[in-house]
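Provide a 3D model corresponding to the input given below.
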Amino acid sequence: MLRRLTRRSGPWLAALLWLIPLLLSAAQGPWQVVDRLEWLSDDLRLRLLAPDPAGPHPDIAIVDIDEASLQALGRWPWPRQRLAALADELFDRQRVAALGFDMVFAEPDDGHAAELLAQVPPHSPLRAAAQALAPALGGDRPLADALRGHPAVLGWYLSADRGGQRLGPVPAPAAPVPA
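The predicted structure follows:
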C-alpha cells in the first residue's frame, strides 16, 4: 500500500518540494526576487561584455582605512580633525591632484566638545573659558578648512524613502555632466 501511495503521489510531492522555496521567496516580496535576478544578470553581463581590466592606473592611489590603521589611530569614526590631517598630508606633502572620500559624513562632528564640557563643573570659573574654546576643539571646521580650495569630493547618501530628510541643496557637479 505504501508503495502504491508513493507511486501516485511522487509527482505531487516533487511539485510541492519545488513550490515551497518558490513561495518562501515570494513571501519576502516579489520585487526582491526580481531585483536579485536583475543584479545577477547585470553582474554576468558586465563580466562577459566589459573589457579586460588593464590593472590599476599608476596615477591613482587608494588610501584605505584598514584594521592596522584602526589599531594604531583608534576606533571608527575618526574625528574630522584626524581626517583633516590626512587631507593636509595628501594635498600639501604628497601633492595629490584630487581627493575623494568614499564615505558619508551623515552627522555633524562636535569634536567631542560636549563630552569635555560635561566634565567641567557648572559653577567652575573654567566653565566660561571651556565654552569659549569648544569651537576650537575640532568639529567639522578642521576638515572643511583642509578641503577648502582643493579639488575634493565627498560621499553622498540619497534616499528615495518618503520619510527622507532634506538637509540642503545638491551642490554643483564636480565634473562636467554630459547633456
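
quick one: secondary structure of residue 150?
Under DSSP: H, G, I helix; E, B strand; the rest coil, residue 150 falls in the coil class.

Assumed residue 72 was part of a strand.
No. Residue 72 is assigned helix when assessed by three-state DSSP, not a strand.

pLDDT score for it?
We have a pLDDT of 92 for residue 72.

how many neighbours does it have?
8 (other C-beta atoms under 10 Å). All C-beta atoms are positioned from the backbone trio N, CA, C, and that covers glycine.

Check the spacing between it and residue 159 real quick.
Separation of residue 72 from residue 159 (C-beta to C-beta, to the nearest Å): 34 Å.

Then residue 19?
In terms of C-beta to C-beta, residue 19 sits 36 Å off from residue 159.

likewise residue 103?
17 Å.

If you count surrounding residues, which of those two has more?
Neighbours per residue, other C-beta under 10 Å: of residue 103 and residue 159, the larger number sits with residue 103, 13 against 9.

which ones are touching residue 153?
Neighbour list for residue 153: 98-101, 174 [criterion: C-beta atoms under 8 Å, 6 or more residues apart in numbering].
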